[in-house]
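Q: A predicted structure for the sequence below; I have some questions about it.
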Amino acid sequence: MSLKAAARPSRFLDSSMHFGTALLRLLPAELAHDIGMWMLERDLLKLVPLPSFGSSLTGLGMNIPGIGEIAHPIGLAAGFDKNARAPRGFARMGLSFLELGTVTPRPQDGNPKPRLFRLDDQMGLINRMGFNSDGASTVEGRLHALRWNHDPIPLGINLGKNKDTEIDAAIEDYSQGLETFGPHAKYFVINVSSPNTAGLRGLANEHFLKELGLRHKNILSKLWVKLDPDMKKRDFQGLVSALADIGFQGLVLTNTHRVERPEIGGMSGQAISAQSTACLEWAHEVTKGRMPLIASGGILSGQDVFQRIARGASAVQIYSALVYRGPLAVYSMLEELRNEMALRGFSFLSDVKGSYYND
């Protein structure tokens, strides 16, 4: 799978994709998601004359330590393809890197339905999925059969613990995931930040993560940690400093914001943009660029991408943007990013990185 060369979406294709996305949004959120995943799993996008990139990507490449060169900064956030059903389909959307999962060691159903809700007025979502997972063995079998080539599009695995695993034994769940997917993942993300598994956020502490890091010190260059946006600044920065000292490769900032209204769960999309951006600034204040950061949460436009890169991110991940902007979201966002860069006098995205902090 590779990122191909040059062209913009036709007006007809653009209109058709917007219409299809609007139709799916008439359905209950999880049903629409399941239909979309069914189509992607069967790689039906290969039947559509999708645009490609070519010279339009010039200057947008980024290097992420531990992951490698990516053609542009927009990747897939964890949560969309939890079970490695459709990486080829997501690659056809133009995403430059993919994060699959969250995967748990043993299969589990997750929380009862309904558990996914749209916030249309905020281009957002609330989910309380609860790590619904086919389990590590099944997901590993799919990836083994896929034999993914990481060179054009790196693929990472987001790991979590089973709901019924005691907190004291949680490290074994993460270790099992690291061992199972070692041959298949370019990088791993340790998820200690979902609000939908009881006690999980309690694992976002120096003691637990240091123990995990020491146990797997031979692959620390592949390990990232995903944090939540709900910590107090002092606690957040203290943990970031500790993770850098332990030697984790980088941070994904951030997971969803815990809410109780209008539904209980984790909120994503436009409504958490300010929180996620603040966490990025807090992390940069501590690390000063010595620890790579990937931004996630409320990234819906090319302007959003620019602002996160300017605040020190090496790349971004999207989820809600695909729900609300459809399969052509990446193409549109890259055009918006390019326009934003031109407006501000940048030819290379690497020059944008961290520019928010320049005097």
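A: That came through fine. Residues are numbered from 1 along each chain as shown.
Q: what residue is smack in the middle of the chain?
A: The centre of the chain sits closest to Ala77, judged by Cα atoms, centre = their mean, with a distance of 1.9 Å.
Q: and the residue lying closest to that one once chain neighbours are set aside, how many neighbours?
A: Counting by Cβ to Cβ, 6 or more residues apart in numbering, Ala77 lies nearest to Gln317, which is 3.7 Å off, once chain neighbours are set aside. From N, CA and C alone the C-beta is placed, and that goes for glycine too. Look at Gln317: counted by other Cβ atoms under 10 Å, it has 28 neighbours.
Q: cool, Asn162 as well?
A: Neighbour count of Asn162, defined by other Cβ under 10 Å: 19.
Q: and if you look at Arg147?
A: When neighbours are counted by other Cβ under 10 Å, Arg147 registers 7.
Q: quick one on the thing from earlier: give me the contacts around the helix or strand containing the residue nearest to Ala77.
A: Assessed by DSSP states H and E, Gln317 sits inside strand 315-318. For strand 315-318, contacts defined as Cβ atoms under 8 Å, 6 or more residues apart in numbering pick out 62, 64, 70, 73-78, 95-97, 99, 252, 294-296, 299-300, 304-305, 308-309, 329-330, 333.
Q: Show me those that map onto helices.
A: In this view, these that belong to helices under DSSP state H are 304-305, 308-309, 329-330, 333.
Q: List just the nearest of the residues you listed to Ile167.
A: The closest of these to Ile167 turns out to be Arg308 (Cβ to Cβ; 32.2 Å).
Q: Could you give the number of residues near the closest one?
A: Taking other Cβ under 10 Å as the criterion, the count of residues near Arg308 is 29.
Q: for Arg325, same thing?
A: For Arg325, using other Cβ under 10 Å, the count is 20.
Q: Next one: it relative to Ser332, how far apart?
A: Using Cβ to Cβ, to the nearest Å, Arg325 is found at 6 Å from Ser332.
Q: one step back: which one of the ones in helices among the contacts of strand 315-318 is nearest to Gly354?
A: Nearest to Gly354, judged by Cβ to Cβ, of these is Ile309 at 8.3 Å.
Q: Leaving out the residues flanking it, which one is nearest to that closest one?
A: Looking at Ile309 with Cβ to Cβ, 6+ apart, the closest residue is Val352, at 4.9 Å.
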